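*Asks:* Sequence first, then the predicted structure, then my questions.
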Amino acid sequence: RICVITLAEAHPLLQSGKTIKSINYQISANCSRLQNKVSGKSKRVRLFDLGAQFLTELAPLCRISSSDGEEYTIYSCIRGRLIEVNENILSNPAILQEKPSTEGYIAVVLPKFEESKSVTQGLLTQKEYEEVLLKRLNSSS
């Protein structure tokens, strides 16, 4: 039921030749994802009263700058409460590229229980995702 936000395999930052320069969880002057604090033994129970930020599908999670000057905004893509952000990628941005689906995750989001089924039904399977990438590749060549 929790969603781990990572970079998609086809994201430009995971293509050869890109080097990540910096990752910034400061979304605006008044909003930092690093200020999201969920504490206690039972994070699930405390989410709604101890500061877990609510995210919409279009909520930015962070901005990633690459050494070629490009900046990428990474969005939540899912409605829910921000459980945690991966602070390890701040000091070691290379793990975002080296291990994007494990240690290089960006954030963990908990959708509302009543919405979790509809959220997962709208996701692509690995096979569907690969077909989308193949179509994209064929249409650009």
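*Replies:* Perfect, thanks for sending it.
*Asks:* How confident was the prediction at Gly51?
*Replies:* In this model, Gly51 is scored at 64, pLDDT.
*Asks:* Next: Gln121.
*Replies:* pLDDT, read off for Gln121, is 75.
*Asks:* From Tyr72, how far off is it?
*Replies:* 28 Å (C-beta to C-beta, to the nearest Å). The way it works is simple: take the backbone N, C-alpha and C, and place the C-beta from them, glycine included.
*Asks:* ok, those two, which is more surrounded?
*Replies:* Using other C-beta atoms under 10 Å, the more surrounded residue of Gln121 and Tyr72 is Tyr72, with 16 against 7.
*Asks:* Can you name the element that comes right after the lowest-mean-pLDDT helix or strand in the chain?
*Replies:* Sorting the helices and strands of the chain by mean pLDDT, DSSP states H and E puts helix 43-46 at the bottom, at a mean of 49. Next along the chain after helix 43-46, taking DSSP states H and E as the criterion, comes strand 54-55.
*Asks:* So which bits of the helix or strand hosting Ser139 are buried?
*Replies:* Assigned by DSSP H and E, Ser139 belongs to helix 126-140. Residues of helix 126-140 include none that count as buried (16 or more other C-beta atoms under 10 Å).
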